[in-house]
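**Student:** coords please:
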Amino acid sequence: MDKERIFWTALATGAAIGAGIMAREGAAAGWRYARAEEPPVSIDDDRASWRSLIAWAVLSGLCVSVARVVGQGAASGAWRKTLGRNPPL
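**Tutor:** The predicted structure is shown next:
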């Protein structure tokens, strides 16, 4: 694998991970604001209902997925702006 492809893979992966972490924290903050409680973290928690567990899984999964796409898109845009060509596939 050439150096450019390795660099792109690291850049895109880092952007996706960073965006995913920020999205999960944002989703947790939104959950706390809307529900005045911590988001459920484990199925073993007796205080968490199935409904809240599923709602949290959907909310956090959606936020993280969208953020990863946006993060990778931003990395791709920065790559094109900096180098004047599309990132390697």
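**Student:** any idea how far the spatially most central residue of the chain is from residue 80?
**Tutor:** By CA atoms, centre = their mean, the chain has its centre lying nearest to residue 20, at 1.8 Å. To residue 80, residue 20 is 22 Å away according to CB to CB, to the nearest Å. In short, each C-beta sits where N, CA and C put it, glycine included.
**Student:** tell me, how many residues neighbour residue 88?
**Tutor:** The number of residues packed near residue 88 is 13, by other CB atoms under 10 Å.
**Student:** sec struct for it, please.
**Tutor:** coil (DSSP: H, G, I helix; E, B strand; the rest coil).
**Student:** got phi/psi on it?
**Tutor:** phi -70, psi 150 (degrees, to the nearest 10).
**Student:** neighbours around the residue nearest to it when sequence neighbours are not counted, how many?
**Tutor:** Setting aside the residues directly before and after it, residue 88 is nearest to residue 5 in space (CB to CB, 6 or more residues apart in numbering), at 4.5 Å. Residues near residue 5, counting by other CB under 10 Å, number 12.
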